[in-house]
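S.K.: Predicted model and sequence below, questions to follow.
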Amino acid sequence: MQPPRLVATDVDGTLLDPEERVSPRAAAVVERLVATGVGFVLVTGRPPRWIPPVVAQLDVASLAVCANGSVLYDAGEDRVVWANTLDPDALARIATAATETLPGCGLAVERVDLGAPFVAEPGYRDAWDNSDHLITERTALLDSPAVKLLIRDPRLSSDAMVAALTPVIGHEADLTFSHPRGLVEVSPPGVTKATGLAEVARRHGVAAADVVAFGDMPNDLEMLRWAGHGVAMGNAHPALIEAADEVTASNAEDGLALVLERWF
């Protein structure tokens with residue numbers, strides 16, 4: 001591949017090392033590529049409010065495609081540029097089908113409302129330690145548009161949950177996951193990291209062939225397939241290893257920097 005005109009990277013398990021830090025080597029190569037005029041964008045399952053600590057480690061202004069493609073966030077201006085949402089009727093139908101398929105699962109929603117962006121029902125067990133959710137009953141949980149619905153069942157693997165849920169709700173939404181143990185992330189139909197990245201590329205006037213993208217989990221799969229050069233981390237889910245154009249070292253071994261240093 002020729003030097004890319006746009007670099008896109010997942011955050012957790014890809015740009016960040018196992019200690020959730022951007023290594024000096026990765027930060028340096030990102031700074032160099034931005035200095036040459038190459039576009040740089042984060043593409044993540046994270047919500048906008050979890051982006052500033054990452055950008056602060058990079059010391060570059062960045063756009064971020066958040067919530068698996070549902071939100072475009074301008075980190076430099078701290079504003080949401082656009083958002084795609086599931087409406088309350090769709091949320092209710094998906095929630096009913098999910099709880100009938102996986103009795104005992106817990107639900108939560110991610111919103112762009114800054115007053116209460118992450119809302120979960122009682123008993124929901126968050127997959128991450130830095131939980132910041134508001135607790136409410138299911139009826140209130142589903143009464144406003146959401147950029148993402150989360151279905152949690154720690155008894156199962158995320159792969160098993162997707163396999164069970166796809167036949168019953170796959171026609172109404174996009175199903176993926178960024179955590180291997182009992183979490184499915186539900187986005188509006190047709191919305192993926194690839195669609196969000198494609199919009200950023202369009203804004204930059206860059207074709208897919210001139211994009212290099214990095215990822216490690218199934219929510220990165222469409223993005224790696226869409227990009228001209230898709231790179232799976234050494235620690236990636238087997239589905240990405242199989243689909244990627246290249247497999248680099250793990251996020252503990254500066255896999256992202258190893259690839260980018262060919263050009264920058």
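M.R.: Looks like it came in fine.
S.K.: Can you tell me the element the nearest residue to Pro48 once chain neighbours are set aside falls in?
M.R.: In space, and not counting its chain neighbours, Pro48 is closest to Tyr73: 4.0 Å by Cβ to Cβ, 6 or more residues apart in numbering. Where you see a C-beta, it was placed from the backbone N, CA and C, and this is true even at glycine. Per DSSP states H and E, Tyr73 falls inside strand 71-74.
S.K.: Please report how far the residue nearest to Pro48 lies from Trp128.
M.R.: 19 Å (Cβ to Cβ, to the nearest Å).
S.K.: ok, the residue nearest to Pro48 - how many residues close by?
M.R.: 28 (other Cβ atoms under 10 Å).
S.K.: before we move on, what about the one 4 residues further on?
M.R.: Other residues near Glu77 number 10, with proximity taken as other Cβ under 10 Å.
S.K.: Let's verify it: helix, strand, or coil?
M.R.: coil (DSSP: H, G, I helix; E, B strand; the rest coil).
S.K.: Read off the pLDDT value for it.
M.R.: The model reports Glu77 with a pLDDT of 93.
S.K.: Same check on Asp132?
M.R.: What the model reports as pLDDT for Asp132 is 69.
S.K.: likewise Gly115?
M.R.: Gly115 is assigned a predicted lDDT (pLDDT) of 62.
S.K.: now Ala61
M.R.: 80.
S.K.: OK, contacts around it?
M.R.: Shown in contact with Ala61 (Cβ atoms under 8 Å, 6 or more residues apart in numbering): Val55, Ala75, Gly76.
S.K.: What helices and strands are in contact with the strand holding Tyr73?
M.R.: Contacts defined by 3 or more Cβ pairs under 8 Å, 6 or more residues apart in numbering; DSSP states H and E place strand 71-74 against strand 63-66, strand 79-83, helix 193-204.
S.K.: picking up where we left off before, quick check, the residue nearest to Pro48 in contact with Ala67.
M.R.: No - counting by Cβ atoms under 8 Å, Tyr73 does not reach Ala67; the two are 9.1 Å apart.
S.K.: Show me the longest helix that occurs in the protein.
M.R.: helix 88-101 (DSSP state H).
S.K.: Check the offset of that one from the chain's centre.
M.R.: Distance of helix 88-101 from the chain centroid (Cα atoms, centre = their mean, to the nearest Å) equals 22 Å.
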